[in-house]
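1. Mind folding the following:
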Amino acid sequence: PFSMTGQPNAMGGREVGGLANQLAAHMELDNPEHTDRVRRFWDAPVIAQRAGLKAVDMFEAVAAGRIKALWVMATNPAVSLPDSDQVRRALAKCEFLVVSDCVRHTDTTAYAHVLLPAQAWGEQEGTVTNSERRISRQRAFLPAPGEAQPDWWIVSEVARRMGHAAAFDYRSPAQVFSEHAALSAFENDARRDFDIGGLARLDADQYADLQPLQWPLPATGARGTRPFADGRFFTPNGRARMIAIAGTAPASAVDAEFPLVLNSGRARDHWHTLTRTGKSPRLSAHSIEPYAELHPDDARRYRLHDGDLVELTSRWGRAVARTRITPGQRPGSVFMPIHWSHQFSSLSSVDCLIGAHTDPWSGQPEFKFTPVGLRPYAASWQGFLLSRRRLNLQHAGYWACAKGNGFWRYEIAGGEPAADWPRRARELLCAADTNVEWTEFFDPATRRYRSARLVSGRLESCVFIGPDSGLPPRDWLAELFAADTLEPAQRASLLSGKPPAGAA
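-> Numbers count the residues shown, from 1 in each chain. The predicted structure is shown next:
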């Protein structure tokens, strides 16, 4: 009765057969009666007779060359799947990769041969279903940019070009929904729980004005009733099927080399792989960098302090994050958020640490238990950089970036000090401009370097390098990017990183 996932339209995805072992309208691929029914409804001479591959298995097949063409829609598997370094290697080997997304640059689009611009949530029409089975109309409130199109249109256009124009003759999402509703009622007779046949004959205006409704919504009979209230289940004998599952230990155990348990999950203000929330200065301000949470006892054991960079290793990969010490963390465990991709950090994609062990029933990866080791990240220098432009940081061993108001903020560190920081700063920050000014300070003995680049009196970028204990706070410097020109007192205080005397 419930969709046990965290996604906003997970129930709707199940209703349309959005998994490799499902047919649409809650019918099953391994049920010959169901496959025959769907085949006849769609007049499809060829229909799959067995389940396809789940996500982890699919990318193993890509790596092995058994899958040669892949179409990825609305997801970022190069970041979100376990053993992500291996997933990237598989994507690089794929002979033909198509990616549909509403974001141009993701870790997955970097491997694509064809990119298809899809509409984002606020740009498209359709329906969504929440976990209490309530169907709601989703109405576009933004114009579609450029050549972006909804997924149903993209799929239909590709199908037409492959010779299936008659089967994919949709002209609106209302037509797609009507067919979906009709299939749910086809030869149902109250034998299947999902039935919205009462919505199959909506005209365009009725679909446009559709109010939230809870299924079942049969063409005749009781609507919106509570499933199982009559003690009957949707099985041939009407009785529930109980599956006894024995508990098993995690696939990998901690040992002397990997003595801590990595748990991965979400941070408060981010969603998935930062492709959209990473554009928001307000959301990014909550967690500027990827982090690893440790209990104080474990921090002392590894000689780590709050704010230190820490290197985590597992049997599958390596990551670097900023240490957060909190008594709320369980001793012996480390927590890292899942969101940071290679678009936002060089070494902090947590799924590269996690093995591709999956639950045999659901295919869900073991994201919550990975043995890891850790140690302080060996950095000879650390620093930060604020820039109005997005930059390509090839020379920093570690970097993480976050969107600010009118600028990008980079936290950076490296193992080898630059021999010539002034030259390196200019290579990194220079762009074609007139009325450019540089102001800088360099002390080779203490390995401190600070510089600012101004264009027509406006702060364009600044960089601060040195021992971590000598770096100033970032807040005041960030505020300067809102000014059209800097006051003399602000310019004089720029390289100190602190406001002028007497200022807040």
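2. Please give the element, helix or strand, for Val128.
-> Using DSSP states H and E, Val128 maps to strand 126-129.
3. One more: Arg37?
-> helix 32-42.
4. repeat for Leu385
-> Following DSSP H and E, one finds Leu385 within strand 381-387.
5. Can you give the strand pairings for that strand, parallel or anti for each?
-> When pairing is defined by DSSP bridges, strand 381-387 lines up against strand 407-414 (antiparallel), strand 458-466 (antiparallel).
6. could you dump these to JSON lines with distance to Ile338, mean neighbour count and mean pLDDT?
-> (Each C-beta comes from the backbone N, C-alpha and C, glycine too.) Putting those into JSON lines (distance: least, C-beta to C-beta, whole Å; neighbours: other C-beta atoms under 10 Å; pLDDT from 0 to 100) gives the following:
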{"stretch": "strand 407-414", "distance to Ile338": "19", "mean neighbour count": "22", "mean pLDDT": "93"}
{"stretch": "strand 458-466", "distance to Ile338": "30", "mean neighbour count": "22", "mean pLDDT": "92"}
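7. how much distance is there from the strand holding Leu385 to the middle of the chain?
-> Here strand 381-387 shows a centroid-to-chain-centroid distance of 26 Å under the convention C-alpha atoms, centre = their mean, to the nearest Å.
8. Please apply the same query to stretch 102-120.
-> Counting by C-alpha atoms, centre = their mean, stretch 102-120 is centred 13 Å from the centre of its parent chain.
9. which residues are in contact with it?
-> Contacts with stretch 102-120, where a contact means C-beta atoms under 8 Å, 6 or more residues apart in numbering, come from 72-79, 88, 91-92, 94, 96-101, 123, 140, 142, 144, 146-151, 154, 273, 275-276, 341-343, 349.
10. just to revisit the earlier point, what's the first helix or strand after the strand holding Leu385?
-> strand 398-404.
11. Could you list every helix and strand in contact with that following strand?
-> If you count contacts as 3 or more C-beta pairs under 8 Å, 6 or more residues apart in numbering; DSSP states H and E, strand 398-404 packs onto helix 281-284, strand 407-414.
12. gap between stretch 205-218 and the chain center?
-> For stretch 205-218, the separation from the chain centroid amounts to 31 Å (computed by C-alpha atoms, centre = their mean).
13. ok so, going back, buried set for the helix holding Arg37?
-> Using 16 or more other C-beta atoms under 10 Å as the burial criterion, the residues of helix 32-42 that qualify are 34-35, 37-39.
14. related to what we said a few turns ago, show the buried residues in the contacts of stretch 102-120.
-> Neighbour counting by 16+ other C-beta under 10 Å classes 72, 75-79, 88, 91, 94, 97-101, 123, 144, 148-150, 154, 273, 275, 341-343, 349 among those as buried.
15. can you pull the contacts of Asp433?
-> By C-beta under 8 Å, 6+ apart, Asp433 lies in contact with 455, 460.
16. Against Thr358, how distant is it?
-> Taking C-beta to C-beta, to the nearest Å as the measure, Asp433 falls 52 Å from Thr358.
17. what's near enough to touch Asp57?
-> With C-beta under 8 Å, 6+ apart as the criterion, the residues that contact Asp57 are 358, 363.
18. secondary structure element for it?
-> The secondary structure element spanning Asp57 is helix 55-64 (assigned by DSSP H and E).
19. After that helix, which helix or strand is next? Please name it.
-> Past helix 55-64, heading to the C-terminal end, the next element that is a helix or strand (DSSP H and E) is strand 69-73.
20. could you give the angle of that next one to helix 55-64?
-> Angle, strand 69-73 to helix 55-64, by axes from the mean of the first three to the mean of the last three C-alpha atoms, to 10 degrees: 140 degrees.
21. in its sheet, what does strand 69-73 sit against?
-> Sheet partners by DSSP bridges: for strand 69-73, these are strand 96-101 (parallel).
22. I'd like the next helix or strand past the partner strand.
-> Taking DSSP H and E as the definition, the helix or strand that follows strand 96-101 towards the C-terminus is strand 114-117.
23. Identify each buried residue in the longest helix along the chain, please.
-> Selection of the longest helix in the chain by residue count, based on DSSP state H, yields helix 173-185. Within helix 173-185, the residues that count as buried by 16+ other C-beta under 10 Å are 173-174, 176-178, 180-185.
24. which of the residues you listed sit farthest apart?
-> Farthest pair in those (C-beta to C-beta) is Pro173 and Ala185. Separation: 19.1 Å.
25. mind listing the helices for the protein?
-> When assigned using DSSP H, the helices of the chain occupy the ranges 10-15, 32-42, 55-64, 77-80, 84-93, 151-161, 173-185, 204-208, 281-284, 296-301, 421-429, 475-479, 488-493.
26. Grab the nearest non-local neighbour of Ala78.
-> Excluding the flanking residues, the one nearest Ala78 by C-beta to C-beta, 6 or more residues apart in numbering is Asp107, at 3.8 Å.
27. Next, count neighbours for that neighbour.
-> Asp107: 22 surrounding residues under other C-beta atoms under 10 Å.
28. and Ala379, how many neighbours?
-> The criterion is other C-beta under 10 Å. On that basis, Ala379 has 22 neighbouring residues.
29. What of Ser172?
-> Using other C-beta under 10 Å, Ser172 has 15 neighbouring residues.
30. Over to Leu19?
-> 16.
31. How much space separates it from His26?
-> Relative to His26, Leu19 is positioned 11 Å away (criterion: C-beta to C-beta).
32. hmm, who's touching the lowest-mean-pLDDT helix or strand in the chain?
-> The least trusted helix or strand in the chain, going by mean pLDDT, DSSP states H and E, turns out to be helix 421-429, with a mean of 83. Among residues not part of helix 421-429, those counted as contacts by C-beta under 8 Å, 6+ apart are 385, 387, 391, 393, 395, 418, 438, 440, 442, 449, 451, 453, 460-461, 463, 465.
33. and if we set it to 6 Å?
-> Outside of helix 421-429, the residues within contact range by C-beta atoms under 6 Å, 6 or more residues apart in numbering are 418, 442, 449, 451, 453, 461, 463.
34. Buried only: go through the residues you listed for me.
-> Neighbour counting over these (16+ other C-beta under 10 Å) leaves 418, 449, 451, 453, 461, 463 as the buried ones.
35. who's the fourth one bridged to?
-> The one in question is Arg453. On the basis of DSSP bridges, Arg453 is bridged to Trp438, Ser461.
36. didn't it look like it was pressed against Glu460?
-> Yes. Under the criterion of C-beta atoms under 6 Å, Arg453 lies in contact with Glu460, with a separation of 4.9 Å.
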